[in-house]
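# The following comprises the amino acid sequence and a computationally predicted model.
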Amino acid sequence: MSIPILEVMDLHAAYGRIEVLRGVDLTIPRGAVVALLGPNGAGKSTLLKVVSGQMRPTSGDIHMAGVAVEGASTDELARNGLCTIPEGRSVFPNLTVEENLKLVSYAGVPADKVLETAYRYFPRLDQRRHQLAGTMSGGEQQMLALSRALASDPALLMLDELSMGLAPLIVEELYDTVARIAETGVSILVVEQFARTALRVSDYAAVMTGGRVVATGEPDEINAKMSDVILGGAA
Amino acid sequence: MRRIVLACVAAGLAGTAAPIPAANAEPAFGGYSTEARSTPLKVEVYEPVVPIPTTPQAELDFAYTKVEAASGPTGAGVASWLWPGDSVGEGCKTFVEQLKLGETGLCKDGYPVQVNSRTPGEPSEQRDEPFPGALMRTSSDAEGVRSTVGWSNDCDVSSERDEGGDQPKLPGLPDGPPDPLSSLGAAITGKDRAAEEPGSGCAMPKELAAVVDFGGMVSTSRTETVGDTVQATATSKLSDVSILGGVITADSISVTSTTTTNGRRPTASGVSKVVGLELAGTPITVGRDGVQLADQKAKLPDLPPDPEKALAQMGVSLVLPKPERSARGDSGSAAFEGLQIVIDTRPLRSHLDDIPFDEVTRQIPEEELRRLVGAATQLSPKFVITAGNTAAEVLTVPKMELDLDLPAVDPSELNGAAAPPASGSSGTSGGVAGGDAGAAAPALDGGADAAGDAGGSEALAVQPASAGLPPLASIPGALMVGGLVMASGIGWWLQKIGGLVLGGAGSCAHGLETGVPDLRKA
């Protein structure tokens, strides 16, 4: 068995005196898509922040490719292949699509390659290359955010609430793209509050509630185990 | 006495008019700054109760002169027959505004009773005779700055008045009778003395003369560069001095401070002479042992036999200020003063304590007025009168020696002809260091003509041998290339050391050396 690309062991984290992560254990095999599910307030987004270096854990271990990386800075992790798309997409609204994409070239990737990759995955962006990102729909902005992530040639992609605020058809389209990305060998951690679509493209799934991972398994297995109450009635 | 006074005034003025020899010698210093100031009679009033944020609370400098000069040359001179101290004189406008007298227009263009000169700039010379017997003059040029004030208290008019032509107007003074002293007296007493007593405008106001009076005075301050020397001189001369209504008198007081320097040896000197000092008509001396009777057998009329005790009863003390001299390194300073009379009114004030002032002031209905009168009864000022006050200072900085090893130009190499004999006009050898170079350099003015037309033009085309890069095949060229290689090696080594020391702060494309694995490859 190969070394997992991410392994979180007994991870604790807190906002001041409020402990949000209470001993999280999670493993993401290399090249797999893992869906991290759970109700609002379960600690899913906090886990992404800790893993991506935006927040310090109070205790626990984080290993990437078998190497402990606690304390590593966000930019250091990003430079080495970890890419996070935060909740809310975070595109530059006053820049055009093309300008948003070209910004990635400052990380060392040629601008031509950035644009080619983005337009290959999302032809709609090619049609809107001169449109200001802030004037596009939420789905298109999410496509742009995904494109920027892909342009950095990630090894582990973490998506936080990819479907938030989007129409079901757009969500389906986005997750189709996620599946295509996974086929290229990129490991993906999908954090979702509403599980159905995420489970469709996942290899594994984990359920978090109360700051802990309470269940892990195959998507079908998780889908059968988890009640509507735990999944917020969306499963 | 009038002759003495006029002689003093004339001597002072004549001194300022004397031409200054042109400076030919090369000074040993690179730059200088110098200052001299003089006031024959300085009256300082100390009264902390008075809410004036200066110490002393009031000051009057009679016949005040001050000059400043520095290499450049730059210079400025001030002369004022009545200077209220630097705090009021320099900040007159602010002072008047603080007193809410700005509407009067006084001090609109600075303190009005003064003449100024400066160089470079205008006016380079200014003079004024504000009232009969008083002259103020100052001039500044490249050779030096001179300021003089002469004041005869017997209203005699000097012949200098006719020489100047149109007198420049004093800044800030409105048109009308140019009699600031009368105006001052009128301001103090509320009476127009000049109107009441024709011809008395030149004299001291009676109220001030009760404290100190004099017959005449001359104040001169000057700085000048003569040859390789900078000199600053301040002179105060005072005659027929009368203090406390004639209790203390002196025939003359003369004080001079002088400092000079040539950049190597500064000197500071001075002299202070008090002639004919008397207490209550009895000759006295003032020295280290204090005040003593000149004739031990003499007696002070109606006073204790010890003159110092007699003065102390009146709250008066006489002091000969210790002269200050310093001549070290590049600078020299001298400050000499004549006679200092300290009048402390506290002993007199103690006698007034028996008077029930409080009962009297309590009867005043107006509160503001009652407060003012009450405060006035508590005043006990101390007067410090300094007769003869001079100071002079010079400061130089060493010349910067540029050790340029420029080759002397051999005339024989310029035109192939025999060098013309040095004609001694070494002034054309500017920029060539060393005395020998001056002698070896050709006299281009005349010598080139003697050798032919070609001499001059070729001489101008000669370039220094050190210009440009050396040939690569030469030893200097090899040294240069070797140096560049060595510098490159050191730079590379430093970069590696820096990387080790900073622990990977340098650029790293995939970060494998930083501890975080490259997830794309691991």
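Sure thing, it's come through.

# Read off the pLDDT value for B:Thr364.
No Thr there; residue B:364 is Ile. As summarised for this prediction, B:Ile364 has a pLDDT of 68.

# name the element the residue most central in space within chain A belongs to?
Per C-alpha atoms, centre = their mean, the C-alpha nearest to the average position across chain A is that of A:Leu159, at 1.6 Å. For A:Leu159, the enclosing helix or strand under DSSP states H and E is strand A:156-160.

# Tell me which helix or strand comes right after that strand.
As assigned by DSSP H and E, the chain's next helix or strand after strand A:156-160 is helix A:168-183.

# is chain B contacted by that next one?
No. For a cut-off given as C-beta under 8 Å from any C-beta of the partner chain, helix A:168-183 has no contacts with chain B; the smallest distance is 14.2 Å. Every C-beta, even on glycine, is put in place using the N, C-alpha and C of the backbone.

# So B:Leu311: helix, strand or coil?
When classified by DSSP: H, G, I helix; E, B strand; the rest coil, B:Leu311 comes out as helix.

# Quick check: chain neighbours aside, which residue is closest to it?
B:Ser317 (6.1 Å; C-beta to C-beta, 6 or more residues apart in numbering or on different chains).

# ok, now A:Arg128?
Skipping the residues right next to it in sequence, A:Arg128 comes nearest to A:Val97 by C-beta to C-beta, 6+ apart, at 5.3 Å.

# Please apply the same query to A:Leu199.
The spatially closest residue to A:Leu199, leaving aside those adjacent along the chain, is A:Pro219, at 4.1 Å (C-beta to C-beta, 6+ apart).

# Next, count neighbours for that neighbour.
Residues near A:Pro219, counting by other C-beta atoms under 10 Å in any protein chain shown, number 21.

# confidence score at it?
The predicted local confidence for A:Pro219 comes out at a pLDDT of 88.

# Surely it is in contact with A:Ala206?
No. Under the criterion of C-beta atoms under 8 Å, A:Pro219 lies out of contact with A:Ala206, with a separation of 10.6 Å.

# Quick check: neighbours shared by the two?
Shared contacts of A:Pro219 and A:Ala206, defined by C-beta atoms under 8 Å, 6 or more residues apart in numbering or on different chains, comprise A:Ala35.

# what helix or strand is the closest residue to chain A within the stretch 1-150 of chain B on?
For the stretch 1-150 of chain B and chain A, the shortest gap (C-beta to the nearest C-beta) falls at B:Thr94, measuring 53.9 Å. Secondary structure assignment for B:Thr94, by DSSP H and E: helix B:92-98.

# mind listing what the helix or strand just after that helix pairs with, with the direction of each?
Once helix B:92-98 ends, the next helix or strand along the chain (criterion: DSSP H and E) is strand B:115-119. Strand B:115-119 has its sheet partners listed here by DSSP bridges as strand B:74-83 (antiparallel).

# and the closest residue to B:Ala478 other than its chain neighbours, how many neighbours does it have?
If you skip the residues right next to it in sequence, B:Ala478 has B:Leu472 as its closest partner in space, 7.5 Å away by C-beta to C-beta, 6+ apart. Taking other C-beta under 10 Å as the neighbour definition, B:Leu472 ends up with a count of 10.

# ok, residues contacting the helix holding B:Thr94?
Against helix B:92-98 from outside (C-beta under 8 Å, 6+ apart): B:Pro84, B:Ser87, B:Val88, B:Gly102, B:Thr104, B:Leu106, B:Cys107, B:Lys108, B:Gly110, B:Tyr111, B:Pro112.

# which one in these is the model shakiest on?
Looking at pLDDT alone, the contacts of helix B:92-98 dip lowest at B:Gly102, where the score is 68.

# And A:Pro168, how far from chain B?
Here A:Pro168 is placed at a distance of 32 Å from chain B (C-beta to the nearest C-beta, to the nearest Å).

# next one: A:Thr84
13 Å.

# for the record, mean pLDDT for the strand or helix carrying that residue?
Taking DSSP H and E as the definition, A:Thr84 sits inside strand A:82-85. Regarding strand A:82-85, the rounded mean pLDDT is 90.

# Now for the residue nearest to A:Val207 when sequence neighbours are not counted, how many residues are close by?
In space, A:Val207 comes closest to A:Ala215 once its chain neighbours are excluded; the distance is 4.3 Å by C-beta to C-beta, 6+ apart. Close neighbours of A:Ala215, defined as other C-beta under 10 Å, add up to 16.

# again with the one 10 residues further on
The burial count assigned to A:Lys225 is 13, neighbours taken as other C-beta under 10 Å.

# For the closest residue in space to it that isn't next to it in sequence, which residues are in contact?
Leaving aside its chain neighbours, A:Lys225 sits nearest to A:Ala215 (5.9 Å; criterion: C-beta to C-beta, 6+ apart). A:Ala215 makes contacts with A:Ala206, A:Val207, A:Ile222, A:Lys225, A:Met226, as judged by C-beta under 8 Å, 6+ apart.
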